[in-house]
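K.L.:
kindly return the folded structure for what I paste below:
(one chain, ligands or ions: 1)
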Amino acid sequence: MHSLNSPAVDLKSLIRTTLTHNRVGSGRRVIQCVNVNSSSTPATGVSFGSGQVGRARYEWQSACAILASKVESQQQDTEKSADGVSVVNGHPTLDLVPVKDRSTSPAALPKPLSIADLSPAPTHGAQLRVAYQGVPGAYSEAAAGKAYPNCEAIPCDQFEVAFQAVELWIADRAVLPVENSLGGSIHRNYDLLLRHRLHIVGEVQLPVHHCLLALPGVRKEYLTRVISHPQALSQCEHTLTKMGLNVIREAVDDTAGAAEYIAINDLRDTAAIASARAAELYGMQILADGIQDDSGNVTRFVMLAREPIIPRNDRPFKTSIVFAHDKGTSVLFKVLSAFAFRNISLTKIESRPHRHRPIRLVDDANVGTAKHFEYMFYVDFEASMADVRAQNALAEVQEFTSFLRVLGSYPMDMTPWTPSSSAAGD
Ligand SMILES: O=C(O)C(=O)Cc1ccccc1
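P.N.:
Presented below is the predicted three-dimensional model:
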């Protein structure tokens, strides 16, 4: 997949370049941020609701982080309860800054945060800072606005950067798309949830209404290429074919970034699949509106924070867990029955290859060697960790599993259902 906003970078080596790890005094590990980009143009965050509140990137870079063991995320830690600091989520309204109030020049829009910006913010006001992957006009930005209407949305060039922005206190929350009703799970983001130590503190479901965008004056017949986020491409696949477009599809990091790329490079043979807001921001025309294959196209995002919220029982909650077992998948039935016996509904189950032990070899002298795949299972269920049924179910699950972690217990998005209209006519 191409990254349009920045050249392809090896994140690990960038982290090594940007952050020097020292030991001080007692042997405590110190992560020292090096100002690698002090001459760069300041990046400002998009503010929802209350107008633009700029925050200069060089301000962030002026301070150094002393954050013991916060950067290197550890995998496979067992967390069996969720308690801590309260965070509110799930506000129903979307309150974006009107595009006409802002400059429409791409150069005036906030630049996505990159790994070079990962030094901590100075003390800040009450406005919540929410990191998302993409550039302004991305659906993740809209999800941030739905979850936290008055937040300052901070664009990041990679998901990894959005996670680290929260871990390093540059942002208070990260918003992460995890699944789509048409395209399915965004697998990479499940892996990131496991690799990092952030907690899921909320979810929002966003109806996604895709448009086909091109530069002004470009006609469909001129197009040879359509670029977008892989999820957006797959959500519009049938409609693109029905439209008779003879184009190659190319995956890029985010939808709005695709529009920005076309605008910056004056590409007259390329269209982007992105939001109407991205069209306005980057001066693109909408060639076709509502090109998702299904009008009920909805993406689920989760909000992440450094601390879990205190689970409650007075409104619908969901809990997300991940578990593994070292003796294959036979444990799955037992785990699922722990929920079934307590009448707890599962809303989602996903399996991902076990990163450290993807294959288990079982030798049978007579017939050869069986190669079993090993998995991490992600399960969402409809109960709060404050609910004794959920506590008992997890106590039982713990008996069967070699690894169990509660990713978060958080309020369900209960906003009314408003499907977006689609060109597919279904
Ligand atoms: O690329 C974006 O705009 C995103 O936020 C990711 C995405 C892509 C397609 C549907 C929903 C979210």
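K.L.:
what's the helix or strand for residue 370?
P.N.:
Counting by DSSP states H and E, the element that carries residue 370 is strand 368-373.
K.L.:
tell me the helix or strand right after that strand.
P.N.:
Strand 368-373 is succeeded, C-terminally, by strand 375-381 (DSSP H and E).
K.L.:
list of residues touching that following strand?
P.N.:
Among residues not part of strand 375-381, those counted as contacts by CB atoms under 8 Å, 6 or more residues apart in numbering are 190, 193-194, 318-324, 329, 332, 335, 339, 344-355, 390, 393, 403, 407. Yep, even glycine has a C-beta here, placed from its N, CA and C like the rest.
K.L.:
list the helices and strands the strand or helix carrying residue 406 packs on?
P.N.:
Residue 406 is part of strand 403-411 when elements are defined by DSSP H and E. Counting contacts by 3 or more CB pairs under 8 Å, 6 or more residues apart in numbering; DSSP states H and E, strand 403-411 packs against strand 199-207, strand 298-305, strand 317-324, helix 388-400.
K.L.:
of all the ones you listed, which one comes closest to the ligand?
P.N.:
Proximity to the ligand, assessed across the helices and strands packed on strand 403-411 by CB to the nearest ligand atom, is greatest for strand 298-305 (3.9 Å).
K.L.:
what's the angle between the strand holding residue 406 and strand 375-381?
P.N.:
Calculated by axes from the mean of the first three to the mean of the last three CA atoms, to 10 degrees, strand 403-411 forms an angle of 30 degrees with strand 375-381.
K.L.:
so for strand 403-411, what gets flagged as buried?
P.N.:
Neighbour-count burial for strand 403-411, counted by 16 or more other CB atoms under 10 Å, picks out 403-411.
K.L.:
over to stretch 152-169?
P.N.:
Buried residues in stretch 152-169, counting neighbours by 16+ other CB under 10 Å, are found at 152-169.
K.L.:
cool, and stretch 208-223?
P.N.:
208-215, 218, 223.
K.L.:
same question for the strand holding residue 370, mean pLDDT?
P.N.:
Throughout strand 368-373, pLDDT has a mean value of 70.
K.L.:
before we move on, what about stretch 198-207?
P.N.:
For stretch 198-207, the mean per-residue pLDDT is 97.
K.L.:
over to stretch 334-344?
P.N.:
Stretch 334-344 carries an average pLDDT of 96.
K.L.:
give the buried residues for that stretch.
P.N.:
By neighbour count on 16+ other CB under 10 Å, the buried set for stretch 334-344 is 335-336, 338-339, 342, 344.
K.L.:
narrow the residues you listed to those in helices?
P.N.:
Among the buried residues of stretch 334-344, DSSP state H puts 335-336, 338-339 in helices.
K.L.:
is it correct that residue 293 is in contact with residue 240?
P.N.:
No - in terms of CB atoms under 8 Å, residue 293 does not count as a neighbour of residue 240; the distance is 9.1 Å.
K.L.:
out of the contacts of strand 375-381, which are buried?
P.N.:
The neighbour-count test (16+ other CB under 10 Å) marks 190, 193-194, 318-324, 332, 335, 339, 344, 350-352, 354, 390, 393, 403, 407 as buried among these.
K.L.:
and the ligand, which of those residues reach it?
P.N.:
Applying CB under 6 Å from any ligand atom to the buried ones among the contacts of strand 375-381, one finds that nothing falls near the ligand.
K.L.:
check contacts around residue 287.
P.N.:
211-214, 218-220, 271.
K.L.:
at 6 Å instead, please
P.N.:
With contact set as CB atoms under 6 Å, 6 or more residues apart in numbering, residue 287 has these partners: 212, 214, 220.
K.L.:
partners of the second one in the sheet?
P.N.:
Partner residues in beta bridges with residue 214, using DSSP bridges, are residue 285.
K.L.:
list the buried residues of stretch 194-201.
P.N.:
194, 196-201.
K.L.:
first to last residue in that stretch, what's the distance?
P.N.:
15 Å (CA to CA, to the nearest Å).
K.L.:
got it, and stretch 178-198?
P.N.:
Stretch 178-198 end-to-end distance (CA to CA) = 15 Å.
K.L.:
what lies in contact with that stretch?
P.N.:
For stretch 178-198, contacts defined as CB under 6 Å, 6+ apart pick out 73, 75, 159, 163, 166, 176-177, 231, 234-235, 294, 297-300, 302, 304, 322, 350, 352, 378, 407.
K.L.:
cutoff 7 Å now
P.N.:
73-75, 159-160, 163, 166-167, 174, 176-177, 231, 234-235, 292-294, 296-302, 304-306, 322, 350, 352, 376, 378, 407 (CB atoms under 7 Å, 6 or more residues apart in numbering).
K.L.:
dump the strand holding residue 406 to CSV, restricted to CA.
P.N.:
Output of strand 403-411 as CSV, limited to C-alpha atoms (Å, rounded to 0.1, in the frame of the first residue of the first chain):
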residue,chain,number,x,y,z
PHE,A,403,-3.4,-15.6,27.7
LEU,A,404,-6.3,-13.3,28.4
ARG,A,405,-6.5,-9.5,28.2
VAL,A,406,-9.5,-7.2,28.6
LEU,A,407,-9.0,-4.5,25.9
GLY,A,408,-11.8,-2.4,27.4
SER,A,409,-15.3,-2.2,28.8
TYR,A,410,-17.1,0.8,27.3
PRO,A,411,-20.5,2.3,26.4
